[in-house]
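> with the sequence up front, the predicted model follows.
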Amino acid sequence: MGKQRRRRAKKGRAKVNPMGMAEMVPPDELSTVAPIVMNMKSTDPAARASACTAIGGIILNSKRPTALIHHLAKNGVVRNLISLLVDPNGHVAVAATRAVAKMAICGDNRVSIGLYKSDVMTPLLTLLTDESLHKALNSGLLSGLLTHALDLATCLAEQCDGVAKVLTEKGALKKALGWGFVEGDIPREVRLAAASLVCVASDDNPILTKYLLESEEGKGVTKRVLALCQRHSNGGSTTSKDSSADQKHRQHCHNSRRLSALAASFLLNCSTSSLQQKHTAQLAAMRKEMIEAVTKGLVGLVGIRPVAIIPGLSSKIHQLIQQAESRLSKKPAKGEDGGKDKAPAWRGHREVQPWEKALEGWVEEGIGLKVAMETFANLCSSFSSSSMEEKIGGAECETLLKAILAEIAKHELPKRLVVLLRDHLCASYAISKKGLAKIPKNSDKSKVDQIKEVLQGIRFFRQDLPAAQLMRVYKLLGSIALRCTQCLFNYIIHLSPENLGNMASLWSLTYEWLNVITESYADSDPDSLLSQQVESGVGLLWQLAMKRCIAPNTDLALLASLARSGKSPTTKAHSINALAQAGLHPTYTKQNLNIGKLILERIEEEKLPEPLEVLSAAGESLIDLYSEDNVFIKECRELRLVQRIKAFLPVYSSKLKGEEGQKLDRFTMEHQQSVLENLAAFADYKAGKI
């Protein structure tokens, strides 16, 4: 599964339009943009600021943000916005930076690439590094300006090759490192935005890692981040050994789990960097210390259970809203107090309600958990990748991986993940349209009671929260469940059946969760959060089946359906793999023939031929299912297995040599060639046995 990061975009052609994308139909929102654009060139700072704010709002609420941004770029609006990033008026600069950041966040990767090619880096570096600019702005304006600038830099570093290097060489990343993890008196939103940028830009960044290794300042930063990462491993309490500076740093960090999780992610990135030979020993020593800190820090970070908090949180929010409504109903009507009617004193921003603060605290804890689980998944996969083996050697990777897995097992992190997945099963029932009606009749009472509690909390949320906030809650719950299954996948894949033990209950839990969330799977997009959850959940089932951790008498209809109509090639491939492994289990041998039929149908599909990823999974699955000499002979003959495989081999070979095969990287191509050769040898061998 690899590192949980978005794939970096490849460089496009030299001559492209300002956003680097093809023409699109102008969206309806363009009709509202024209009068706003005129104000961007006004001599009145208030008009310029309001124009930038309006454009940012339109992009944020657009149904087709990428199309809108494309046409704004085509008409010169994006270049005008970029020039306003360093407007002499602070309010204009803040509004423009926010608008451009929203473009990068709401648009796809082509938007970030287009902004990069439009030279957004020049004003952005000024915003991040110019001390005179920082001193000229008041604290409120500076906080907003830096937050939006850091968000923009994070998107660019994640989507565009070379941005992280530029940020590092120009000193912007060093600034962000100080704001995120070192300096004390930094606003919370700036600190988190800076830490997020550092985590993205530190991935395979040898310049930054060299700074941490060689300079005294860098070593001091590393010490701070190591302490921050492990803050919640003992409940987050301070010790008497802390200096006054350390205690002040803790106080200004707001005891944020999210910040500690970002610190762990940063340390893991640094530990996997590649440096020159002369730094190998230094990095090896630092790597060991960093990995120990990350593992220890995750113990406290993965302990939070957002779903378990929902009943109490929703009840509190419901009470706060009722109290606010009660206070409003008791206020005298206009003129009843005998005085003149007074216009409300507007301060430029709406008042934040008490319930919003309560919800924001829950969201903050949830995001911290999500970041921690991303780091957990990366920790399990980083030292098993071929690229890491090339950097530090296979033996060193194996030693580190064994130590990591031992520490994870020692602190029972997998058990915590299983508890989280069980929580999210309950939340899925509560959010489901069918709700309680979909719960299996043989479910234990404790699970049913928990579902009822969460359902009552979700009902309060639906009643009290605005639609946007409710969707925010749902999205965060879905993201956490996704990360949970990814963590379990990346952990289980490295364990033998003997070390894993009996995890049949996890198979049942995962299968039940997938049955609930696939209620609306048919209507979802391939890139949607739901599709990603299904893909990850099926992958976890496959790994459990590989380790013979299968619950008996499970209805395999869901896996069969996903093998045929999964939204992504990976979902189909994982489903086929899981079915093949299930077919070898004694409980499911009667279904072996049907499983074989389904797999052969996939490789023979002519209307919509399956991609190479699915074909290779099908080939491997057929070998797994029917490789034994004296088993399933009758099924092999009835399926005409050898004849159908031999008819498929030329098709497979042709596809590998075709356009799809040419796009594969070296490792994937080698794997595909290996599957083709093994399948041909298997067909020849099997022909002499049946």
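That came through, no problem.
> so for stretch 379-394, what gets flagged as buried?
When neighbours are counted by 16 or more other C-beta atoms under 10 Å, the buried residues of stretch 379-394 are found to be 379-384, 388, 391-392. C-beta coordinates here come from the backbone N, C-alpha and C atoms, glycine included.
> to clarify, my last question referred to stretch 86-97.
Result for stretch 86-97 [16+ other C-beta under 10 Å]: buried residues 86-87, 90-97.
> what's the longest helix anywhere in the chain packed up against?
Longest helix in the chain by number of residues (criterion: DSSP state H): helix 354-382. The helices and strands touching helix 354-382, judged by 3 or more C-beta pairs under 8 Å, 6 or more residues apart in numbering; DSSP states H and E, are helix 257-271, helix 280-301, helix 306-330, helix 394-410, helix 467-492.
> closest to E638 out of those helices?
helix 467-492 (34.2 Å; C-beta to C-beta).
> quick one: list the elements packing against that closest one.
For helix 467-492, the packing partners by 3+ C-beta pairs under 8 Å, 6+ apart are helix 306-330, helix 354-382, helix 413-431, helix 445-464, helix 504-517, helix 529-546.
> need the contact partners of the fifth one.
Defining contact as C-beta atoms under 8 Å, 6 or more residues apart in numbering, one finds that helix 504-517 is touched by 418, 421-422, 424-425, 428-429, 432, 438, 440, 481, 485, 488, 530, 533-534, 537-538, 540-541, 544-545, 549-552, 554, 558.
> gap between that helix and the chain center?
Put simply, helix 504-517 sits 21 Å off its chain's centre (C-alpha atoms, centre = their mean, to the nearest Å).
> count the residues that sit near E605.
13 (other C-beta atoms under 10 Å).
> right, I mislabeled it, should have said A281
Other residues close to A281 by other C-beta under 10 Å number 9.
> A54 is nearest to which of the helices and strands packed on helix 467-492?
In terms of C-beta to C-beta, the element of these nearest to A54 is helix 354-382, at 23.8 Å.
> helix or strand right after the closest one?
Downstream of helix 354-382, the next assigned helix or strand under DSSP states H and E is helix 386-392.
> can you list the buried residues of stretch 379-394 in a markdown table and add distance to D185 and pLDDT?
Compiled in a markdown table, the buried residues of stretch 379-394 are given as follows (distance: C-beta to C-beta, whole Å; pLDDT from 0 to 100):
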| residue | distance to D185 | pLDDT |
| --- | --- | --- |
| L379 | 32 | 89 |
| C380 | 37 | 87 |
| S381 | 37 | 86 |
| S382 | 34 | 83 |
| F383 | 38 | 81 |
| S384 | 42 | 78 |
| M388 | 38 | 74 |
| K391 | 38 | 72 |
| I392 | 39 | 75 |
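> tell me the one of the residues you listed nearest N109?
S381 (22.7 Å).
> excluding chain neighbours, what is closest to that closest one?
Spatial nearest neighbour of S381, chain neighbours left out: N490 (4.9 Å); criterion: C-beta to C-beta, 6 or more residues apart in numbering.
> and what of K572?
K572 sits nearest to G566 (C-beta to C-beta, 6+ apart), 4.1 Å away.
> could you check how far the one you found is from L559?
Distance, G566 to L559, by C-beta to C-beta, to the nearest Å: 10 Å.
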